[in-house]
Structures are given as C-alpha cells and as structure tokens.
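In: Structure of the sequence below:
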Amino acid sequence: MCMENQSLHVNVCRLQPHPLVEAISTVVLIVLFTLQRFGTSKVSFLLFPIMGTWTLTTPMIGIYSIAQHYPKILKAISPHYIVHFFLRN
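Out: Predicted structure coming up:
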C-alpha cells in the first residue's frame, strides 16, 4: 500500500523496511546479547573497528556530497565572505 503525504512530499513506499536489513539487524542484536556475558570491554574491543570506520566515513561522505552537489554552502564557512560582510556594514 503506497501513500503520498501531500505536506511532506514523501513517498511512503520507499520507506518500507527491506527483509535483508531486518535479518542482519536481528543477527547483530542476537550476537551482541550473546557476547554481553563476556563483559563490556571485550564487546567494545570487537566493535571498535566498525564504529571507528563509521565515525570517520560519515563526515567524509557528507563533505563530499556538499562539495559535489551544493558547493555554494562552502561559501558560508569561508572567511573571505565574512570579512567583506563586516567591511560593508
């Protein structure tokens, strides 16, 4: 059943969960709860590479997307424009 919300312009069909994502999430949660008995420090040691990679790649993808699709946004952080703004006002 597909619905389109007129105020948000969101196609709800695209927001339906994928069965593979649900299965992977379930497996990850079962593994985490199974490993929990070994202690938090060992579980965090195992998950650090995944979380570290996620933490580093998320901003890199965001910066790339801004530079690729909306380069005018980068003007907002350029000191050149703020100096000219204060000199004019």
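In: alpha carbons only for contacts and neighbour counts from here, please
Out: Noted.
In: helices or strands up against the longest helix along the chain?
Out: Longest helix in the chain by number of residues (criterion: DSSP state H): helix 40-69. Applying 3 or more Cα pairs under 8 Å, 6 or more residues apart in numbering; DSSP states H and E, we find helix 40-69 packed against no helix or strand.
In: Quick check: next helix or strand after it?
Out: helix 79-88 (DSSP states H and E).
In: Name the residue closest to the centre of the chain, please.
Out: In the chain, the C-alpha nearest the mean C-alpha coordinate belongs to Thr58, at 5.6 Å (Cα atoms, centre = their mean).
In: ok so, going back, for the longest helix of the chain, list every residue counted as buried.
Out: The neighbour-count check on helix 40-69 (16 or more other Cα atoms under 10 Å) flags nothing as buried.
In: Show me how far that helix is from its chain's centre.
Out: Computed by Cα atoms, centre = their mean, to the nearest Å, the separation of helix 40-69 from the middle of its chain amounts to 9 Å.
In: Next: stretch 21-31.
Out: Taking Cα atoms, centre = their mean, the mean C-alpha location of stretch 21-31 is offset from the chain mean by 19 Å.
In: hmm, who's touching it?
Out: Counting contacts by Cα atoms under 8 Å, 6 or more residues apart in numbering, no residue outside stretch 21-31 touches it.
In: if we can go back for a sec, mean confidence score for the longest helix of the chain?
Out: Averaging pLDDT along helix 40-69 yields 91.
In: what's the distance between the residue nearest to the centre of the chain and Ala76?
Out: Thr58 sits 21 Å away from Ala76, going by Cα to Cα, to the nearest Å.
In: Kindly report the same for Val28.
Out: According to Cα to Cα, Val28 stands 40 Å off from Ala76.
In: cool, Val27 as well?
Out: 43 Å.
In: Check Val83 too.
Out: From Val83 across to Ala76, the span is 12 Å (Cα to Cα).
In: for Pro59, same thing?
Out: As defined by Cα to Cα, Pro59 lies at a distance of 17 Å from Ala76.
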